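**Q** After the sequence you'll find the predicted model.
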Number of protein chains: 2
Amino acid sequence: MKLQAALDTLTLEECIALMDEVQDYVGVIEVGTPFVIEEGMRPVREFKKRYPKLEVLADVKIMDAGEYEADKCFDAGADIVTVLGVSNDLTVQGVVRSAKKHGKKCMVDMIEVKNLAERTAQLDEMGVDYICVHTAFDVQATGADPLDELKVVNKIVKNAKTAVAGGVKLNTIDDIVAEGAEIIVVGGAICNAKDRAQMAKDMKGRLK
Amino acid sequence: MKLQAALDTLTLEECIALMDEVQDYVGVIEVGTPFVIEEGMRPVREFKKRYPKLEVLADVKIMDAGEYEADKCFDAGADIVTVLGVSNDLTVQGVVRSAKKHGKKCMVDMIEVKNLAERTAQLDEMGVDYICVHTAFDVQATGADPLDELKVVNKIVKNAKTAVAGGVKLNTIDDIVAEGAEIIVVGGAICNAKDRAQMAKDMKGRLK
């Protein structure tokens, strides 16, 4: 089990300051979608250079041109690239192909996937590395929570590992750990903590 | 009716050379998704500065954090921002809010939307500016074509205008023009033409 720190709303300089504080407790640095929209692959290159022991995930949420877009991310140094579960099978297969070619990994973001069990089985069969249940940021205010979806996915996967994202906090992480997931994505809980290093350490301490 | 030039696979410098050739025939410059992945908002800023009379579309295919991500694009100078039709209503509504706040526009990309008629009616009701039928690049090799989907959407929309994307060529544009769409997206047909200015002029000549 490892923590993934989602960097979404900070500048590159602020992210580096944060990562310098929390790098001992984090396994994966996520260059979040808004960050890619603003800066492209620059943060991926910068984090890979500064934190060579950590994995860097490019949260590009690929929806088309799977192999072409994933190639760009892996060429920039990403270790993990995300593709949307709602995308076409051909797109997912392109991302898987790109990942294998680069000796890297792909994660499927299951955000807004309606047929969760059926789609999980299909994706697992396609050889993706991670399947990530994800309560959209825009939906978290409704009280939705990714734990129930994690339970569904954990029951089905045979090859892929699972990940979980969407408002995970210190008081919700124990249930996730008990259910089991290889990667637990944490954003605001660390970024907005008073003592960010301590919060990252506390959350890391809860993992198995 | 206007042409939208999709810039996906060229460097910024190559895109500027292309746009210098075709700018008289194009209404919208699309900063394509792979281009955003590589460069972030830099091409949006650069195109808006160089071609102030043209609209710039940021094809970010928003899937979450609708208002936040759209704000970033509009703040960088985009005139139109894309959101995925498969995203949550709350995400679409966030993008619409951002567009209205900035006096700009949003386009919904209907790629991989399964319930096309039903979803079109919902989106039209939400106040989006454009609904774009889109045959995924990864799916075009199967012979799929966006014309049939355009017919479905055109029958339903009451407020939104329509757009069409996915392998449009000189020999397929007439049927699209006859069916009707406000924006016709053209990528490879222009980018890969021997005489790019002439091809853009010819395609523009087919519009009503």
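**A** That came through fine.
**Q** Give me every residue in chain A lying close to chain B.
**A** A:8-9, A:33-34, A:36-42, A:58, A:60-61, A:63-66, A:68-69, A:72-73, A:76, A:84, A:86-88, A:90-91, A:94, A:109, A:111-112, A:136-139, A:142 (C-beta under 8 Å from any C-beta of the partner chain). Any C-beta I mention is one placed from the backbone N, CA and C, and that applies to glycine too.
**Q** Can you pick out the ones from the residues you listed that are in strands?
**A** Assigned to strands by DSSP state E, the following of those qualify: A:Ala58, A:Val60, A:Lys61, A:Leu84, A:Asp109.
**Q** Run a quick neighbour tally on the fourth one.
**A** The reference is to A:Leu84. 28 (other C-beta atoms under 10 Å in any protein chain shown).
**Q** Just list the residues touching it, thanks.
**A** A:Lys61, A:Ile62, A:Met63, A:Val108, A:Asp109, A:Ile111, B:Met63, B:Val86 (C-beta atoms under 8 Å, 6 or more residues apart in numbering or on different chains).
**Q** ok, back up a step: ok, the ones in strands among the residues of chain A next to chain B vs A:Lys169, which is closest?
**A** A:Asp109 (19.9 Å; C-beta to C-beta).
**Q** Okay, and the beta partners of that closest one?
**A** Bridge pairing for A:Asp109 (DSSP bridges) gives the partners A:Leu84, A:Cys132.
**Q** what about A:Cys152, how many neighbours?
**A** Cys isn't right for residue A:152; it's Val. Other residues near A:Val152 come to 13 when the count uses other C-beta under 10 Å.
**Q** nope, A:Val108 is what I was after
**A** Neighbour count for A:Val108, taken as other C-beta under 10 Å: 31.
**Q** for it, what are its contacts?
**A** A:Val108 makes contact with A:Thr82, A:Val83, A:Leu84, A:Gly85, A:Val92, A:Leu123, A:Val128, A:Tyr130, A:Ile131, A:Cys132, A:Ala160, according to C-beta under 8 Å, 6+ apart.
**Q** And the furthest pair within those?
**A** Across these, no pair lies farther apart than A:Leu84 and A:Ala160, at 15.2 Å, counting by C-beta to C-beta.
**Q** can you pull the contacts of the closest residue to chain B within chain A?
**A** Nearest to chain B, among the residues of chain A, is A:Gly40, at 3.7 Å (C-beta to the nearest C-beta). Taking C-beta under 8 Å, 6+ apart, we find A:Gly40 in contact with B:Val36, B:Ile37, B:Glu38, B:Glu39, B:Gly40, B:Arg42.
**Q** quick one: A:Thr162 and A:Thr135, what's the gap?
**A** According to C-beta to C-beta, to the nearest Å, A:Thr162 stands 14 Å off from A:Thr135.
**Q** on that earlier part again, from the contacts of A:Gly40, which ones fall inside helices?
**A** Of those, the ones assigned to helices by DSSP state H are B:Val36, B:Ile37, B:Glu38, B:Glu39, B:Arg42.
**Q** For these, give me a markdown table that also has distance to A:Glu21 and pLDDT.
**A** Putting the ones in helices among the contacts of A:Gly40 into a markdown table (distance: C-beta to C-beta, whole Å; pLDDT from 0 to 100) gives the following:
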| residue | distance to A:Glu21 | pLDDT |
| --- | --- | --- |
| B:Val36 | 29 | 97 |
| B:Ile37 | 28 | 97 |
| B:Glu38 | 29 | 96 |
| B:Glu39 | 29 | 96 |
| B:Arg42 | 29 | 97 |
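**Q** now these as a markdown table including neighbour count and distance to A:Phe47?
**A** Output for these, formatted as a markdown table (neighbours: other C-beta atoms under 10 Å in any protein chain shown; distance: C-beta to C-beta, whole Å):
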| residue | neighbour count | distance to A:Phe47 |
| --- | --- | --- |
| B:Val36 | 25 | 19 |
| B:Ile37 | 25 | 16 |
| B:Glu38 | 21 | 16 |
| B:Glu39 | 19 | 17 |
| B:Arg42 | 18 | 19 |
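**Q** Among the residues you listed, which ones lie close to chain A?
**A** B:Val36, B:Ile37, B:Glu38, B:Glu39, B:Arg42.
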